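**Q** Build me a structure from this.
(one chain, ligands or ions: 1)
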Amino acid sequence: MSSDVAKFGDTASEIEQDMNSTELIAKDSVMARLKLETRPAHDRIESVPFSMMMQEGRLPRARFAGKLACWLAVHGTLEAAIRECDDDACVAVWRETMARTSHLRNDLACHGEMDMPPAAATATLKTVGWLASLGARDPRALLGCLYVLEGSKLGGTILRKCLDDAYKCGPEALSYFWASGTSPMPDFKAFKERMELALTTDDDRDRVIAAASGMFDHLTDVLDGLLCNLDTSGAESEPAPEGVCPFGHG
Ligand code: HEM
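**A** Model prediction:
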(Lines give C-alpha, C1' and ligand atoms only; values in the text may rest on other atoms or scores of the structure.)
Protein backbone atom coordinates (compact mmCIF):
# COMPACT_ATOMS: atom_id res chain seq x y z
CA MET A 1 0.00 0.00 0.00
CA SER A 2 1.02 3.60 -0.51
CA SER A 3 3.55 4.90 1.96
CA ASP A 4 2.05 8.38 2.03
CA VAL A 5 -1.06 7.15 3.75
CA ALA A 6 0.29 8.67 6.94
CA LYS A 7 -1.10 12.18 6.53
CA PHE A 8 -4.26 13.65 5.17
CA GLY A 9 -3.93 15.73 2.03
CA ASP A 10 -6.20 17.70 -0.27
CA THR A 11 -9.20 19.59 0.87
CA ALA A 12 -12.13 19.93 -1.51
CA SER A 13 -11.26 23.57 -2.17
CA GLU A 14 -7.68 22.64 -3.07
CA ILE A 15 -9.05 20.11 -5.54
CA GLU A 16 -11.34 22.66 -7.08
CA GLN A 17 -8.65 25.33 -7.30
CA ASP A 18 -6.33 22.85 -8.92
CA MET A 19 -8.97 21.77 -11.42
CA ASN A 20 -9.89 25.34 -12.35
CA SER A 21 -6.34 26.58 -12.75
CA THR A 22 -5.35 23.74 -15.03
CA GLU A 23 -8.53 23.39 -17.08
CA LEU A 24 -7.09 23.46 -20.58
CA ILE A 25 -9.73 21.17 -21.95
CA ALA A 26 -12.20 22.42 -24.61
CA LYS A 27 -15.88 22.57 -23.68
CA ASP A 28 -16.89 19.85 -26.13
CA SER A 29 -14.05 17.53 -25.14
CA VAL A 30 -14.97 14.15 -23.75
CA MET A 31 -13.82 15.05 -20.23
CA ALA A 32 -15.67 18.37 -20.16
CA ARG A 33 -18.80 16.62 -21.43
CA LEU A 34 -18.43 13.78 -18.91
CA LYS A 35 -18.22 16.23 -16.04
CA LEU A 36 -21.13 18.35 -17.26
CA GLU A 37 -23.47 15.64 -18.50
CA THR A 38 -23.04 13.31 -15.52
CA ARG A 39 -23.28 16.13 -12.99
CA PRO A 40 -26.93 15.38 -12.06
CA ALA A 41 -26.03 11.70 -11.55
CA HIS A 42 -23.07 12.72 -9.39
CA ASP A 43 -25.23 15.02 -7.29
CA ARG A 44 -27.67 12.15 -6.78
CA ILE A 45 -25.07 9.61 -5.65
CA GLU A 46 -23.39 12.18 -3.41
CA SER A 47 -26.64 12.97 -1.64
CA VAL A 48 -28.27 9.53 -1.21
CA PRO A 49 -28.75 8.77 2.50
CA PHE A 50 -25.95 6.16 2.43
CA SER A 51 -23.41 8.77 1.26
CA MET A 52 -24.70 11.28 3.78
CA MET A 53 -24.37 8.74 6.60
CA MET A 54 -20.76 8.02 5.58
CA GLN A 55 -19.98 11.72 5.64
CA GLU A 56 -21.75 12.21 8.96
CA GLY A 57 -19.95 9.27 10.56
CA ARG A 58 -23.29 7.54 11.26
CA LEU A 59 -22.82 4.47 9.08
CA PRO A 60 -22.40 1.20 11.03
CA ARG A 61 -18.93 -0.14 10.33
CA ALA A 62 -20.17 -3.56 9.17
CA ARG A 63 -22.30 -1.81 6.55
CA PHE A 64 -19.22 0.10 5.39
CA ALA A 65 -17.49 -3.27 5.01
CA GLY A 66 -20.52 -4.42 2.98
CA LYS A 67 -20.02 -1.45 0.68
CA LEU A 68 -16.35 -2.34 0.20
CA ALA A 69 -17.39 -5.88 -0.79
CA CYS A 70 -19.90 -4.56 -3.35
CA TRP A 71 -17.26 -2.22 -4.76
CA LEU A 72 -14.77 -5.11 -4.90
CA ALA A 73 -17.10 -7.06 -7.20
CA VAL A 74 -17.61 -4.00 -9.42
CA HIS A 75 -13.93 -3.03 -9.60
CA GLY A 76 -12.89 -6.63 -10.21
CA THR A 77 -15.26 -6.99 -13.15
CA LEU A 78 -14.49 -3.63 -14.73
CA GLU A 79 -10.73 -3.81 -14.29
CA ALA A 80 -10.53 -7.33 -15.74
CA ALA A 81 -12.74 -6.41 -18.71
CA ILE A 82 -10.60 -3.38 -19.59
CA ARG A 83 -7.28 -5.08 -18.89
CA GLU A 84 -8.12 -8.11 -21.01
CA CYS A 85 -9.68 -6.40 -24.02
CA ASP A 86 -7.68 -5.38 -27.07
CA ASP A 87 -9.61 -2.23 -27.93
CA ASP A 88 -7.05 0.47 -28.85
CA ALA A 89 -8.62 3.16 -26.67
CA CYS A 90 -8.79 0.88 -23.62
CA VAL A 91 -5.17 -0.14 -24.09
CA ALA A 92 -4.16 3.53 -24.40
CA VAL A 93 -6.03 4.63 -21.26
CA TRP A 94 -5.59 1.71 -18.85
CA ARG A 95 -2.63 1.64 -16.47
CA GLU A 96 -2.14 -1.20 -14.01
CA THR A 97 -1.62 1.40 -11.27
CA MET A 98 -5.33 2.24 -11.62
CA ALA A 99 -6.38 -1.18 -10.28
CA ARG A 100 -7.87 -0.98 -6.80
CA THR A 101 -9.06 -4.51 -6.04
CA SER A 102 -6.06 -5.21 -3.83
CA HIS A 103 -6.79 -2.05 -1.84
CA LEU A 104 -10.39 -3.13 -1.35
CA ARG A 105 -9.30 -6.59 -0.20
CA ASN A 106 -6.83 -5.05 2.24
CA ASP A 107 -9.47 -2.73 3.69
CA LEU A 108 -12.12 -5.45 3.93
CA ALA A 109 -9.76 -7.46 6.08
CA CYS A 110 -9.39 -4.48 8.45
CA HIS A 111 -13.04 -3.73 9.20
CA GLY A 112 -14.16 -6.98 10.79
CA GLU A 113 -17.69 -8.29 10.36
CA MET A 114 -19.44 -7.54 7.07
CA ASP A 115 -23.14 -6.82 6.72
CA MET A 116 -24.53 -6.97 3.20
CA PRO A 117 -28.31 -6.82 2.75
CA PRO A 118 -29.72 -9.01 -0.05
CA ALA A 119 -30.90 -5.91 -1.94
CA ALA A 120 -27.30 -4.66 -2.10
CA ALA A 121 -26.05 -8.05 -3.32
CA THR A 122 -28.76 -8.10 -6.00
CA ALA A 123 -27.95 -4.56 -7.18
CA THR A 124 -24.23 -5.44 -7.25
CA LEU A 125 -24.85 -8.54 -9.35
CA LYS A 126 -26.96 -6.46 -11.73
CA THR A 127 -24.09 -4.00 -12.05
CA VAL A 128 -21.58 -6.77 -12.67
CA GLY A 129 -23.87 -8.35 -15.29
CA TRP A 130 -24.40 -4.99 -16.98
CA LEU A 131 -20.62 -4.36 -17.09
CA ALA A 132 -19.98 -7.82 -18.53
CA SER A 133 -22.55 -7.40 -21.29
CA LEU A 134 -21.40 -3.86 -22.09
CA GLY A 135 -17.82 -5.11 -22.28
CA ALA A 136 -18.85 -7.90 -24.64
CA ARG A 137 -20.64 -5.61 -27.08
CA ASP A 138 -18.75 -2.32 -26.72
CA PRO A 139 -15.54 -2.55 -24.66
CA ARG A 140 -14.58 1.05 -25.47
CA ALA A 141 -17.68 2.30 -23.66
CA LEU A 142 -16.28 0.79 -20.43
CA LEU A 143 -14.00 3.84 -20.28
CA GLY A 144 -17.04 5.80 -19.12
CA CYS A 145 -17.41 3.41 -16.19
CA LEU A 146 -13.71 3.74 -15.45
CA TYR A 147 -14.13 7.53 -15.38
CA VAL A 148 -16.75 7.19 -12.64
CA LEU A 149 -14.44 5.13 -10.41
CA GLU A 150 -11.34 7.22 -11.14
CA GLY A 151 -13.24 10.46 -10.52
CA SER A 152 -14.55 9.11 -7.23
CA LYS A 153 -10.99 9.42 -5.90
CA LEU A 154 -11.57 13.19 -5.77
CA GLY A 155 -14.49 12.96 -3.38
CA GLY A 156 -12.58 10.18 -1.63
CA THR A 157 -10.21 12.75 -0.15
CA ILE A 158 -13.18 14.12 1.77
CA LEU A 159 -14.63 10.73 2.65
CA ARG A 160 -11.39 9.25 3.98
CA LYS A 161 -11.26 11.93 6.64
CA CYS A 162 -14.93 11.46 7.59
CA LEU A 163 -14.47 7.67 7.75
CA ASP A 164 -11.29 7.81 9.80
CA ASP A 165 -12.97 10.18 12.23
CA ALA A 166 -15.89 7.74 12.52
CA TYR A 167 -14.03 4.42 12.84
CA LYS A 168 -10.67 5.61 14.20
CA CYS A 169 -9.24 2.95 11.93
CA GLY A 170 -6.27 4.84 10.51
CA PRO A 171 -5.45 5.31 6.84
CA GLU A 172 -4.10 1.75 6.50
CA ALA A 173 -7.69 0.51 6.69
CA LEU A 174 -8.79 3.08 4.09
CA SER A 175 -6.15 2.33 1.48
CA TYR A 176 -8.82 2.35 -1.27
CA PHE A 177 -9.12 6.11 -0.70
CA TRP A 178 -5.36 6.60 -0.67
CA ALA A 179 -4.56 4.67 -3.85
CA SER A 180 -3.28 7.82 -5.57
CA GLY A 181 -1.45 9.02 -2.48
CA THR A 182 -2.01 12.38 -0.78
CA SER A 183 -3.52 14.01 -3.87
CA PRO A 184 -5.39 12.20 -6.64
CA MET A 185 -5.05 15.20 -8.96
CA PRO A 186 -1.86 14.26 -10.85
CA ASP A 187 -3.25 10.80 -11.67
CA PHE A 188 -6.63 12.25 -12.62
CA LYS A 189 -5.06 14.85 -14.91
CA ALA A 190 -2.98 12.19 -16.65
CA PHE A 191 -6.09 10.01 -17.01
CA LYS A 192 -8.00 12.94 -18.55
CA GLU A 193 -5.23 13.52 -21.07
CA ARG A 194 -5.19 9.86 -22.10
CA MET A 195 -8.98 9.88 -22.46
CA GLU A 196 -8.87 12.97 -24.69
CA LEU A 197 -6.26 11.44 -26.96
CA ALA A 198 -8.01 8.06 -27.14
CA LEU A 199 -11.62 9.20 -27.72
CA THR A 200 -11.66 11.36 -30.81
CA THR A 201 -15.02 10.79 -32.49
CA ASP A 202 -18.42 12.09 -31.38
CA ASP A 203 -19.78 8.57 -31.54
CA ASP A 204 -17.09 7.24 -29.16
CA ARG A 205 -17.70 10.14 -26.78
CA ASP A 206 -21.48 9.68 -26.80
CA ARG A 207 -21.16 5.97 -25.94
CA VAL A 208 -18.64 6.62 -23.16
CA ILE A 209 -20.84 9.32 -21.61
CA ALA A 210 -23.93 7.10 -21.77
CA ALA A 211 -21.96 4.32 -20.05
CA ALA A 212 -20.77 6.72 -17.31
CA SER A 213 -24.37 7.76 -16.61
CA GLY A 214 -25.39 4.10 -16.49
CA MET A 215 -22.55 3.37 -14.07
CA PHE A 216 -23.60 6.18 -11.71
CA ASP A 217 -27.19 4.88 -11.76
CA HIS A 218 -26.14 1.29 -11.04
CA LEU A 219 -23.89 2.35 -8.16
CA THR A 220 -26.65 4.54 -6.76
CA ASP A 221 -28.88 1.44 -6.70
CA VAL A 222 -26.17 -0.47 -4.82
CA LEU A 223 -25.95 2.29 -2.20
CA ASP A 224 -29.74 2.29 -1.88
CA GLY A 225 -29.65 -1.48 -1.33
CA LEU A 226 -27.04 -1.02 1.40
CA LEU A 227 -29.47 1.14 3.37
CA CYS A 228 -31.81 -1.70 4.23
CA ASN A 229 -32.98 -1.53 7.89
CA LEU A 230 -30.81 1.47 8.73
CA ASP A 231 -32.31 4.51 10.40
CA THR A 232 -31.85 7.14 7.71
CA SER A 233 -33.66 9.97 9.45
CA GLY A 234 -31.53 13.09 9.27
CA ALA A 235 -29.60 11.75 6.27
CA GLU A 236 -31.83 13.18 3.58
CA SER A 237 -30.03 16.52 3.24
CA GLU A 238 -29.42 18.44 0.06
CA PRO A 239 -25.98 17.97 -1.53
CA ALA A 240 -23.34 20.33 -0.18
CA PRO A 241 -22.30 23.26 -2.35
CA GLU A 242 -19.78 22.19 -4.98
CA GLY A 243 -16.44 21.17 -3.49
CA VAL A 244 -17.49 21.61 0.13
CA CYS A 245 -17.70 18.87 2.72
CA PRO A 246 -21.06 19.52 4.41
CA PHE A 247 -19.68 18.49 7.80
CA GLY A 248 -16.76 20.84 7.90
CA HIS A 249 -14.11 18.22 7.16
CA GLY A 250 -11.32 18.96 4.75
C1 HEM B 1 -20.01 10.41 -0.99
C2 HEM B 1 -19.94 11.64 -1.22
C3 HEM B 1 -19.18 12.32 -2.33
C4 HEM B 1 -18.62 13.55 -2.23
C5 HEM B 1 -18.64 14.47 -1.01
C6 HEM B 1 -18.00 13.83 -3.50
C7 HEM B 1 -17.30 14.98 -3.78
C8 HEM B 1 -16.61 15.23 -4.95
C9 HEM B 1 -15.77 16.38 -5.18
C10 HEM B 1 -15.47 17.47 -4.14
C11 HEM B 1 -15.30 16.29 -6.44
C12 HEM B 1 -14.32 17.25 -7.12
C13 HEM B 1 -14.90 18.60 -7.42
C14 HEM B 1 -15.86 18.64 -8.57
O15 HEM B 1 -15.46 18.36 -9.70
O16 HEM B 1 -17.06 18.98 -8.37
C17 HEM B 1 -15.84 15.07 -7.01
C18 HEM B 1 -15.60 14.63 -8.28
C19 HEM B 1 -16.05 13.43 -8.80
N20 HEM B 1 -16.75 12.45 -8.12
FE21 HEM B 1 -17.54 12.64 -6.28
N22 HEM B 1 -18.19 12.78 -4.34
C23 HEM B 1 -18.89 11.83 -3.67
C24 HEM B 1 -19.28 10.59 -4.13
C25 HEM B 1 -18.94 10.09 -5.38
C26 HEM B 1 -19.23 8.75 -5.80
C27 HEM B 1 -19.90 7.66 -4.95
C28 HEM B 1 -18.78 8.64 -7.09
C29 HEM B 1 -18.79 7.46 -8.01
C30 HEM B 1 -18.69 6.20 -7.63
C31 HEM B 1 -18.20 9.93 -7.45
C32 HEM B 1 -17.64 10.23 -8.68
C33 HEM B 1 -17.00 11.42 -8.99
C34 HEM B 1 -16.45 11.75 -10.30
C35 HEM B 1 -16.52 10.87 -11.56
C36 HEM B 1 -15.84 13.00 -10.18
C37 HEM B 1 -15.05 13.73 -11.24
C38 HEM B 1 -15.81 14.90 -11.86
C39 HEM B 1 -14.94 15.50 -12.96
O40 HEM B 1 -14.13 16.35 -12.65
O41 HEM B 1 -15.07 15.08 -14.12
N42 HEM B 1 -18.32 10.77 -6.39
N43 HEM B 1 -16.63 14.46 -6.08
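
**Q** which helices and strands does the longest helix seen in the chain pack with?
**A** Secondary structure assigned by DSSP state H gives helix 142-167 as the longest helix of the chain. Under the contact criterion of 3 or more Cβ pairs under 8 Å, 6 or more residues apart in numbering; DSSP states H and E, helix 142-167 touches helix 12-21, helix 49-56, helix 61-84, helix 88-93, helix 118-137, helix 185-198, helix 202-225. Placement of C-beta: from N, CA and C, glycine included.

**Q** Tell me the buried residues in the third one?
**A** For helix 61-84, the buried set under the neighbour-count rule, 16 or more other Cβ atoms under 10 Å, comprises 61, 63-79, 81-82.

**Q** quick one on the thing from earlier: of the helices and strands packed on helix 142-167, which is nearest Asp107?
**A** Judged by Cβ to Cβ, the one of the helices and strands packed on helix 142-167 that comes nearest to Asp107 is helix 61-84, at 5.5 Å.

**Q** distance of the spatially closest residue to His42 that is not a sequence neighbour from Ala32?
**A** Spatial nearest neighbour of His42, excluding adjacent residues (Cβ to Cβ, 6 or more residues apart in numbering): Phe216 at 6.6 Å. When Cβ to Cβ, to the nearest Å is applied, the distance between Phe216 and Ala32 equals 17 Å.

**Q** Comparing the two, which residue is more hemmed in?
**A** Neighbour comparison, Phe216 and Ala32: the larger count goes to Phe216, with 23 against 15 (by other Cβ atoms under 10 Å).

**Q** Please tell me how far that one sits from Ala120.
**A** Counting by Cβ to Cβ, the gap from Phe216 to Ala120 is 17 Å.

**Q** can you check Pro184 too?
**A** Distance from Pro184 to Ala120, by Cβ to Cβ: 26 Å.

**Q** For this protein, which residues score under the pLDDT cut-off?
**A** 1-25, 236-250 (pLDDT under 70).

**Q** now with 50?
**A** 1-11, 20-22, 239-250 (pLDDT under 50).

**Q** Most remote residue from the middle of this protein, which is it?
**A** Residue farthest from the centre of the chain, counting by Cα atoms, centre = their mean, is Thr201 at 25.5 Å.

**Q** Dihedrals phi and psi, it?
**A** Torsion angles at Thr201 (phi, psi; degrees, to the nearest 10) stand at phi -110, psi 150.

**Q** what about it, distance to the ligand?
**A** Distance of Thr201 to the ligand, given as Cβ to the nearest ligand atom, to the nearest Å: 20 Å.

**Q** ditto for Ser233
**A** Remark: distance between Ser233 and the ligand (Cβ to the nearest ligand atom) = 19 Å.
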